[in-house]
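Undergrad: Curious how this folds, go ahead:
(one chain, ligands or ions: 2)
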Amino acid sequence: MFAGGGYPENVILAIETSCDETAAAVVAPVEGGSPGHVRVLSNVVSSQIEIHRRFGGVVPEVASRAHLDALEAVVGEALDTAGVNPDELTAVAATQGPGLIGALLVGVSAAKSLALAWNVPYVGVNHMEGHLFATFLEKPDMPLPFVVLLVSGGHTMIVQVRGFGDYRLMGATVDDAAGEAFDKVARYLGLGYPGGPVIDRLAQDGDPTAVRFPRGMLQQGLEFSFSGMKTAVINYVRRHPETSNEDLAASFQAAVVDVLVTKTLRAAKKSGARGAAIGGGVAANSQLRTQFAEACEAAGLDYLVPDRSFCTDNAAMIGAAGLWRLQHDGPTGFDGGAIPSLALVSP
Ligand code: KG4
Ligand code: ZN
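TA: Ligands and ions are numbered 1, 2, ... in the order given. Model prediction:
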(Lines give C-alpha, C1' and ligand atoms only; values in the text may rest on other atoms or scores of the structure.)
(Ligands and ions follow the chains in the order given, each with its own letter.)
Protein backbone atom coordinates (compact mmCIF):
# COMPACT_ATOMS: atom_id res chain seq x y z
CA MET A 1 0.00 0.00 0.00
CA PHE A 2 1.00 3.57 -0.57
CA ALA A 3 2.47 5.10 2.58
CA GLY A 4 -0.33 6.90 4.35
CA GLY A 5 -2.87 4.17 3.67
CA GLY A 6 -4.28 5.40 0.39
CA TYR A 7 -6.75 8.15 -0.35
CA PRO A 8 -10.10 7.61 1.37
CA GLU A 9 -11.94 10.36 -0.51
CA ASN A 10 -10.69 9.76 -4.01
CA VAL A 11 -12.27 11.35 -7.00
CA ILE A 12 -10.02 10.91 -9.97
CA LEU A 13 -9.97 12.51 -13.42
CA ALA A 14 -8.65 10.12 -16.06
CA ILE A 15 -7.49 10.94 -19.58
CA GLU A 16 -7.06 8.50 -22.48
CA THR A 17 -5.36 9.54 -25.74
CA SER A 18 -3.33 6.48 -26.76
CA CYS A 19 -4.80 6.05 -30.24
CA ASP A 20 -7.82 7.56 -31.99
CA GLU A 21 -10.25 8.32 -29.16
CA THR A 22 -9.91 11.43 -27.01
CA ALA A 23 -11.50 10.42 -23.72
CA ALA A 24 -11.89 11.71 -20.18
CA ALA A 25 -13.76 10.29 -17.21
CA VAL A 26 -14.32 10.97 -13.54
CA VAL A 27 -14.47 7.94 -11.25
CA ALA A 28 -14.63 7.42 -7.50
CA PRO A 29 -14.07 4.27 -5.43
CA VAL A 30 -17.02 2.52 -3.84
CA GLU A 31 -16.49 2.51 -0.11
CA GLY A 32 -15.95 -0.99 1.24
CA GLY A 33 -15.75 -2.40 -2.29
CA SER A 34 -12.90 -4.34 -3.85
CA PRO A 35 -9.94 -2.27 -5.14
CA GLY A 36 -11.38 -2.20 -8.65
CA HIS A 37 -14.90 -1.26 -7.58
CA VAL A 38 -15.56 2.29 -8.77
CA ARG A 39 -18.47 4.53 -9.57
CA VAL A 40 -18.25 6.07 -13.02
CA LEU A 41 -19.40 9.67 -12.56
CA SER A 42 -18.77 10.57 -16.19
CA ASN A 43 -17.29 8.89 -19.25
CA VAL A 44 -16.80 11.11 -22.30
CA VAL A 45 -15.37 9.82 -25.58
CA SER A 46 -14.72 11.94 -28.66
CA SER A 47 -13.89 9.68 -31.58
CA GLN A 48 -11.47 10.65 -34.35
CA ILE A 49 -12.75 7.91 -36.66
CA GLU A 50 -14.30 10.36 -39.13
CA ILE A 51 -11.00 12.28 -39.34
CA HIS A 52 -8.94 9.15 -40.11
CA ARG A 53 -11.49 7.44 -42.36
CA ARG A 54 -10.37 9.15 -45.54
CA PHE A 55 -6.79 7.94 -44.93
CA GLY A 56 -7.95 4.32 -44.40
CA GLY A 57 -6.32 4.12 -40.95
CA VAL A 58 -4.98 6.13 -38.04
CA VAL A 59 -2.40 8.73 -39.11
CA PRO A 60 -0.28 9.32 -35.99
CA GLU A 61 0.44 13.01 -36.56
CA VAL A 62 -3.19 13.72 -37.38
CA ALA A 63 -4.21 11.84 -34.22
CA SER A 64 -1.93 13.95 -31.99
CA ARG A 65 -3.30 17.19 -33.43
CA ALA A 66 -6.91 16.03 -33.09
CA HIS A 67 -6.27 15.09 -29.43
CA LEU A 68 -4.87 18.59 -28.84
CA ASP A 69 -7.96 20.14 -30.43
CA ALA A 70 -10.46 18.03 -28.52
CA LEU A 71 -8.95 17.44 -25.10
CA GLU A 72 -9.89 20.65 -23.29
CA ALA A 73 -13.57 20.31 -24.19
CA VAL A 74 -13.62 16.59 -23.40
CA VAL A 75 -12.08 17.14 -19.95
CA GLY A 76 -14.48 20.04 -19.31
CA GLU A 77 -17.46 17.88 -20.22
CA ALA A 78 -16.25 15.02 -18.03
CA LEU A 79 -15.97 17.34 -15.00
CA ASP A 80 -19.31 19.05 -15.74
CA THR A 81 -21.22 15.80 -16.21
CA ALA A 82 -19.74 14.42 -12.98
CA GLY A 83 -20.59 17.66 -11.17
CA VAL A 84 -17.05 17.75 -9.80
CA ASN A 85 -14.88 20.86 -9.39
CA PRO A 86 -11.15 20.58 -9.97
CA ASP A 87 -10.56 21.35 -6.27
CA GLU A 88 -12.49 18.19 -5.35
CA LEU A 89 -10.17 15.96 -7.35
CA THR A 90 -7.57 13.89 -5.56
CA ALA A 91 -5.55 12.88 -8.62
CA VAL A 92 -5.28 13.11 -12.38
CA ALA A 93 -4.49 9.93 -14.33
CA ALA A 94 -3.51 9.43 -17.95
CA THR A 95 -2.63 6.53 -20.20
CA GLN A 96 1.17 6.51 -20.42
CA GLY A 97 1.43 3.58 -22.85
CA PRO A 98 1.30 1.49 -24.91
CA GLY A 99 0.15 3.57 -27.87
CA LEU A 100 1.24 6.19 -30.38
CA ILE A 101 3.98 8.36 -28.91
CA GLY A 102 2.60 11.73 -30.07
CA ALA A 103 -0.94 10.82 -29.07
CA LEU A 104 0.15 9.57 -25.64
CA LEU A 105 2.20 12.71 -25.03
CA VAL A 106 -0.86 14.93 -25.41
CA GLY A 107 -2.71 13.11 -22.62
CA VAL A 108 0.31 12.66 -20.36
CA SER A 109 1.38 16.32 -20.67
CA ALA A 110 -2.15 17.56 -20.07
CA ALA A 111 -2.62 15.31 -17.03
CA LYS A 112 0.70 16.37 -15.51
CA SER A 113 -0.01 20.06 -16.12
CA LEU A 114 -3.47 19.80 -14.57
CA ALA A 115 -2.13 17.82 -11.60
CA LEU A 116 0.56 20.47 -11.03
CA ALA A 117 -1.90 23.33 -11.37
CA TRP A 118 -4.41 21.69 -9.01
CA ASN A 119 -1.72 20.42 -6.67
CA VAL A 120 -2.75 16.77 -6.75
CA PRO A 121 -0.83 13.61 -7.67
CA TYR A 122 -0.40 12.42 -11.26
CA VAL A 123 -0.83 8.71 -12.08
CA GLY A 124 0.45 7.10 -15.28
CA VAL A 125 -1.66 4.12 -16.33
CA ASN A 126 -0.95 1.16 -18.60
CA HIS A 127 -3.62 1.13 -21.33
CA MET A 128 -3.87 -2.68 -21.27
CA GLU A 129 -4.29 -2.67 -17.50
CA GLY A 130 -7.13 -0.24 -18.21
CA HIS A 131 -8.77 -2.74 -20.60
CA LEU A 132 -8.30 -5.39 -17.90
CA PHE A 133 -9.88 -3.16 -15.24
CA ALA A 134 -12.93 -2.68 -17.47
CA THR A 135 -13.91 -6.09 -16.07
CA PHE A 136 -14.21 -4.62 -12.58
CA LEU A 137 -16.30 -1.66 -13.76
CA GLU A 138 -19.21 -4.05 -14.24
CA LYS A 139 -18.19 -7.06 -12.19
CA PRO A 140 -16.16 -5.87 -9.20
CA ASP A 141 -16.62 -9.24 -7.49
CA MET A 142 -15.18 -11.25 -10.39
CA PRO A 143 -13.87 -14.42 -8.68
CA LEU A 144 -10.10 -14.79 -8.60
CA PRO A 145 -8.23 -16.25 -10.33
CA PHE A 146 -9.81 -15.46 -13.69
CA VAL A 147 -8.55 -15.20 -17.24
CA VAL A 148 -9.14 -12.22 -19.48
CA LEU A 149 -8.79 -12.14 -23.24
CA LEU A 150 -7.51 -8.68 -24.21
CA VAL A 151 -8.11 -8.09 -27.91
CA SER A 152 -7.55 -4.68 -29.46
CA GLY A 153 -6.07 -3.06 -32.53
CA GLY A 154 -2.53 -3.47 -31.23
CA HIS A 155 -2.71 -6.44 -28.84
CA THR A 156 -4.06 -9.94 -28.47
CA MET A 157 -3.29 -11.73 -25.23
CA ILE A 158 -4.70 -14.00 -22.59
CA VAL A 159 -3.84 -12.87 -19.09
CA GLN A 160 -4.34 -14.83 -15.90
CA VAL A 161 -5.43 -12.44 -13.15
CA ARG A 162 -4.41 -13.90 -9.79
CA GLY A 163 -5.06 -10.72 -7.85
CA PHE A 164 -5.08 -6.95 -8.32
CA GLY A 165 -1.84 -6.12 -10.10
CA ASP A 166 -0.86 -9.82 -10.13
CA TYR A 167 -0.94 -10.93 -13.76
CA ARG A 168 0.57 -13.76 -15.75
CA LEU A 169 0.74 -13.70 -19.53
CA MET A 170 -0.60 -17.06 -20.75
CA GLY A 171 -0.57 -16.44 -24.50
CA ALA A 172 -0.23 -13.69 -27.09
CA THR A 173 -0.21 -13.26 -30.83
CA VAL A 174 2.94 -14.18 -32.69
CA ASP A 175 2.10 -11.79 -35.54
CA ASP A 176 -0.92 -9.50 -36.11
CA ALA A 177 -3.32 -8.47 -33.36
CA ALA A 178 -6.92 -9.63 -33.86
CA GLY A 179 -8.18 -6.08 -34.44
CA GLU A 180 -5.36 -5.46 -36.89
CA ALA A 181 -6.47 -8.56 -38.85
CA PHE A 182 -10.06 -7.24 -38.96
CA ASP A 183 -8.79 -3.85 -40.11
CA LYS A 184 -6.47 -5.30 -42.79
CA VAL A 185 -9.09 -7.66 -44.23
CA ALA A 186 -11.62 -4.82 -44.34
CA ARG A 187 -9.11 -2.56 -46.07
CA TYR A 188 -8.36 -5.26 -48.66
CA LEU A 189 -12.08 -5.68 -49.34
CA GLY A 190 -12.46 -1.90 -49.63
CA LEU A 191 -14.82 -1.74 -46.66
CA GLY A 192 -13.21 1.25 -44.94
CA TYR A 193 -11.81 1.93 -41.49
CA PRO A 194 -12.09 0.73 -38.77
CA GLY A 195 -12.63 -2.74 -40.14
CA GLY A 196 -13.95 -4.55 -37.07
CA PRO A 197 -17.35 -2.85 -36.85
CA VAL A 198 -17.90 -3.06 -40.65
CA ILE A 199 -17.07 -6.78 -40.79
CA ASP A 200 -19.26 -7.36 -37.73
CA ARG A 201 -22.18 -5.60 -39.47
CA LEU A 202 -21.75 -7.33 -42.85
CA ALA A 203 -21.34 -10.72 -41.16
CA GLN A 204 -24.91 -10.49 -39.82
CA ASP A 205 -26.13 -11.02 -43.42
CA GLY A 206 -23.49 -13.58 -44.42
CA ASP A 207 -23.02 -17.33 -44.10
CA PRO A 208 -20.20 -18.17 -41.64
CA THR A 209 -19.82 -21.61 -43.25
CA ALA A 210 -19.51 -20.25 -46.81
CA VAL A 211 -15.69 -20.46 -46.73
CA ARG A 212 -13.69 -22.55 -44.27
CA PHE A 213 -10.76 -20.24 -43.51
CA PRO A 214 -7.83 -21.73 -41.55
CA ARG A 215 -8.01 -21.41 -37.77
CA GLY A 216 -4.38 -20.50 -37.03
CA MET A 217 -2.81 -22.67 -34.30
CA LEU A 218 -6.25 -23.78 -33.08
CA GLN A 219 -5.40 -27.29 -31.99
CA GLN A 220 -2.84 -26.55 -29.35
CA GLY A 221 -1.21 -23.93 -27.20
CA LEU A 222 -2.29 -20.47 -26.15
CA GLU A 223 -0.48 -18.44 -28.79
CA PHE A 224 -2.36 -16.80 -31.65
CA SER A 225 -1.53 -16.26 -35.30
CA PHE A 226 -3.78 -14.13 -37.51
CA SER A 227 -1.62 -13.17 -40.46
CA GLY A 228 -2.26 -16.54 -42.17
CA MET A 229 -6.02 -16.01 -41.89
CA LYS A 230 -5.70 -12.59 -43.46
CA THR A 231 -3.62 -14.00 -46.33
CA ALA A 232 -6.13 -16.84 -46.77
CA VAL A 233 -8.92 -14.30 -47.27
CA ILE A 234 -6.87 -12.38 -49.83
CA ASN A 235 -5.96 -15.56 -51.75
CA TYR A 236 -9.55 -16.79 -51.68
CA VAL A 237 -10.91 -13.51 -53.05
CA ARG A 238 -8.37 -13.61 -55.87
CA ARG A 239 -9.57 -17.09 -56.86
CA HIS A 240 -13.28 -16.48 -56.18
CA PRO A 241 -13.97 -12.79 -56.84
CA GLU A 242 -17.70 -13.51 -57.04
CA THR A 243 -17.95 -14.31 -53.28
CA SER A 244 -20.08 -11.75 -51.47
CA ASN A 245 -18.48 -9.49 -48.88
CA GLU A 246 -21.15 -10.66 -46.44
CA ASP A 247 -20.07 -14.30 -46.76
CA LEU A 248 -16.39 -13.36 -46.59
CA ALA A 249 -16.96 -11.21 -43.50
CA ALA A 250 -18.99 -13.92 -41.74
CA SER A 251 -16.51 -16.69 -42.62
CA PHE A 252 -13.44 -14.67 -41.62
CA GLN A 253 -15.07 -13.52 -38.39
CA ALA A 254 -16.06 -17.13 -37.58
CA ALA A 255 -12.43 -18.25 -37.96
CA VAL A 256 -11.08 -15.47 -35.72
CA VAL A 257 -13.75 -15.95 -33.08
CA ASP A 258 -13.34 -19.75 -33.01
CA VAL A 259 -9.67 -19.32 -32.20
CA LEU A 260 -10.18 -16.57 -29.62
CA VAL A 261 -12.88 -18.47 -27.73
CA THR A 262 -11.19 -21.89 -27.91
CA LYS A 263 -7.89 -20.56 -26.58
CA THR A 264 -9.44 -18.47 -23.82
CA LEU A 265 -11.44 -21.44 -22.56
CA ARG A 266 -8.31 -23.61 -22.83
CA ALA A 267 -6.39 -21.07 -20.73
CA ALA A 268 -9.20 -20.97 -18.17
CA LYS A 269 -9.16 -24.75 -17.85
CA LYS A 270 -5.38 -24.97 -17.74
CA SER A 271 -5.06 -22.35 -15.01
CA GLY A 272 -8.00 -23.50 -12.90
CA ALA A 273 -9.76 -20.17 -13.43
CA ARG A 274 -13.04 -19.48 -11.67
CA GLY A 275 -14.04 -16.84 -14.17
CA ALA A 276 -13.34 -15.44 -17.62
CA ALA A 277 -13.75 -12.06 -19.29
CA ILE A 278 -13.04 -10.31 -22.55
CA GLY A 279 -11.84 -6.76 -23.10
CA GLY A 280 -10.49 -4.38 -25.75
CA GLY A 281 -12.08 -3.11 -28.96
CA VAL A 282 -12.55 -6.53 -30.58
CA ALA A 283 -14.58 -7.58 -27.52
CA ALA A 284 -17.30 -5.37 -29.04
CA ASN A 285 -17.69 -8.02 -31.77
CA SER A 286 -21.18 -9.54 -31.76
CA GLN A 287 -20.11 -13.07 -32.67
CA LEU A 288 -17.29 -13.10 -30.10
CA ARG A 289 -19.66 -11.87 -27.39
CA THR A 290 -22.27 -14.56 -28.09
CA GLN A 291 -19.86 -17.44 -28.63
CA PHE A 292 -17.73 -16.54 -25.60
CA ALA A 293 -20.82 -16.35 -23.36
CA GLU A 294 -22.10 -19.73 -24.62
CA ALA A 295 -18.70 -21.38 -24.11
CA CYS A 296 -18.38 -20.01 -20.56
CA GLU A 297 -21.87 -21.20 -19.70
CA ALA A 298 -21.15 -24.66 -21.07
CA ALA A 299 -17.94 -24.76 -19.01
CA GLY A 300 -19.69 -23.54 -15.86
CA LEU A 301 -17.46 -20.44 -15.63
CA ASP A 302 -18.47 -17.15 -14.09
CA TYR A 303 -17.94 -14.67 -16.91
CA LEU A 304 -18.31 -11.11 -18.10
CA VAL A 305 -19.00 -9.69 -21.52
CA PRO A 306 -18.59 -5.95 -20.82
CA ASP A 307 -20.80 -3.26 -22.25
CA ARG A 308 -19.44 -2.25 -25.67
CA SER A 309 -18.63 1.25 -24.41
CA PHE A 310 -16.19 -0.28 -21.91
CA CYS A 311 -14.59 -2.52 -24.57
CA THR A 312 -13.46 0.16 -27.01
CA ASP A 313 -11.09 2.82 -25.73
CA ASN A 314 -12.49 4.91 -22.90
CA ALA A 315 -11.17 6.75 -19.85
CA ALA A 316 -13.42 5.13 -17.20
CA MET A 317 -11.26 2.01 -17.39
CA ILE A 318 -8.13 4.19 -17.09
CA GLY A 319 -9.65 5.84 -13.99
CA ALA A 320 -10.37 2.46 -12.40
CA ALA A 321 -6.85 1.19 -13.05
CA GLY A 322 -5.43 4.59 -12.03
CA LEU A 323 -7.17 4.52 -8.65
CA TRP A 324 -5.78 1.08 -7.94
CA ARG A 325 -2.27 2.11 -9.04
CA LEU A 326 -2.44 5.24 -6.89
CA GLN A 327 -3.51 3.25 -3.85
CA HIS A 328 -0.99 0.50 -4.48
CA ASP A 329 2.10 2.30 -5.82
CA GLY A 330 1.44 5.94 -4.99
CA PRO A 331 1.76 8.81 -7.47
CA THR A 332 3.84 8.60 -10.64
CA GLY A 333 6.72 11.06 -10.78
CA PHE A 334 6.29 14.13 -12.95
CA ASP A 335 9.35 12.94 -14.85
CA GLY A 336 7.39 9.83 -15.96
CA GLY A 337 6.90 10.17 -19.70
CA ALA A 338 4.92 8.42 -22.42
CA ILE A 339 6.06 4.84 -23.14
CA PRO A 340 4.84 3.63 -26.57
CA SER A 341 5.76 -0.03 -26.00
CA LEU A 342 4.90 -0.29 -22.30
CA ALA A 343 4.25 -3.96 -21.42
CA LEU A 344 1.55 -5.23 -19.09
CA VAL A 345 3.45 -8.35 -18.16
CA SER A 346 6.72 -9.66 -19.45
CA PRO A 347 6.42 -12.86 -21.50
O1 KG4 B 1 -9.19 -1.16 -27.86
P2 KG4 B 1 -9.42 -0.38 -29.10
O3 KG4 B 1 -10.60 0.56 -29.14
O4 KG4 B 1 -8.13 0.47 -29.46
C5 KG4 B 1 -6.85 -0.06 -29.27
O6 KG4 B 1 -6.38 -0.04 -28.10
O7 KG4 B 1 -6.33 -0.62 -30.27
O8 KG4 B 1 -9.51 -1.44 -30.31
C9 KG4 B 1 -9.66 -1.02 -31.64
C10 KG4 B 1 -9.80 -2.27 -32.50
C11 KG4 B 1 -9.81 -1.96 -34.00
O12 KG4 B 1 -8.91 -2.86 -34.65
C13 KG4 B 1 -11.25 -2.23 -34.41
O14 KG4 B 1 -11.38 -2.69 -35.75
C15 KG4 B 1 -11.63 -3.31 -33.43
O16 KG4 B 1 -11.03 -2.93 -32.21
N17 KG4 B 1 -13.09 -3.41 -33.26
C18 KG4 B 1 -13.81 -4.50 -33.60
C19 KG4 B 1 -15.16 -4.17 -33.37
N20 KG4 B 1 -15.22 -2.89 -32.87
C21 KG4 B 1 -13.94 -2.45 -32.81
N22 KG4 B 1 -13.42 -5.68 -34.10
C23 KG4 B 1 -14.40 -6.58 -34.38
N24 KG4 B 1 -15.72 -6.33 -34.20
C25 KG4 B 1 -16.15 -5.15 -33.69
N26 KG4 B 1 -17.45 -4.92 -33.52
ZN1 ZN C 1 -7.44 -0.04 -26.43
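Undergrad: How are the helices of the stretch 151-300 of the chain distributed by residue range?
TA: Under the criterion DSSP state H, counting those that start in this stretch, the stretch 151-300 of the chain contains helices at 178-188, 195-203, 227-239, 245-271, 286-299.
Undergrad: Run the contact check for the second one versus ligand 2.
TA: No: judged by C-beta under 5 Å from the ion, helix 195-203 makes no contact with ligand 2; its nearest approach is 11.8 Å. In short, each C-beta sits where N, CA and C put it, glycine included.
Undergrad: is any part of that helix close to ligand 1?
TA: Yes: in terms of C-beta under 6 Å from any ligand atom, part of helix 195-203 sits within range of ligand 1, namely 195-197, 200.
Undergrad: Could you identify which of those has the most neighbours?
TA: Gly196 (27 neighbours; other C-beta atoms under 10 Å).
Undergrad: these two touch, right, it and Ala283?
TA: No: the criterion here is C-beta atoms under 8 Å, and Gly196 misses it with Ala283 at 10.1 Å.
Undergrad: Contact residues of the stretch 151-300 of the chain facing ligand 2?
TA: When proximity is defined by C-beta under 5 Å from the ion, the stretch 151-300 of the chain lies next to ligand 2 at Ser152.
Undergrad: burial of the closest residue to Glu246 other than its chain neighbours, as a residue count?
TA: Closest residue in space to Glu246, ignoring its immediate chain neighbours: Gly206 at 3.4 Å, by C-beta to C-beta, 6 or more residues apart in numbering. Neighbour count of Gly206, defined by other C-beta under 10 Å: 22.
Undergrad: I'd assumed Thr243 was in contact with Gly206.
TA: No: the pair Gly206 / Thr243 is not scored as a contact, 9.6 Å apart, by C-beta under 8 Å.
Undergrad: ok so Asn43 is a strand residue?
TA: Yes: assigned with DSSP: H, G, I helix; E, B strand; the rest coil, Asn43 falls within a strand.
Undergrad: Local confidence estimate at it?
TA: In this prediction, Asn43 carries a pLDDT score of 98.
Undergrad: can you pull the pLDDT of the residue nearest to Glu246?
TA: Looking at Gly206, the pLDDT reads 98.
Undergrad: who touches it in this structure?
TA: 244-251 (C-beta atoms under 8 Å, 6 or more residues apart in numbering).
Undergrad: Go through those residues and single out the one with the most neighbours.
TA: Ranking these using other C-beta under 10 Å puts Ala249 first, with 28 neighbours.
Undergrad: Spatially nearest residue to Ser64 (excluding sequence neighbours)?
TA: Closest residue to Ser64 apart from its sequence neighbours, by C-beta to C-beta, 6+ apart: Gly102 at 3.5 Å.
Undergrad: Likewise for Gly83?
TA: Gly83 sits nearest to Leu41 (C-beta to C-beta, 6+ apart), 7.4 Å away.
Undergrad: The closest residue to ligand 2 within the stretch 201-347 of the chain: neighbour count?
TA: Using C-beta to the ion, the closest approach of the stretch 201-347 of the chain to ligand 2 is made by Asp313 at 4.4 Å. Counted with other C-beta under 10 Å, residues neighbouring Asp313 total 26.
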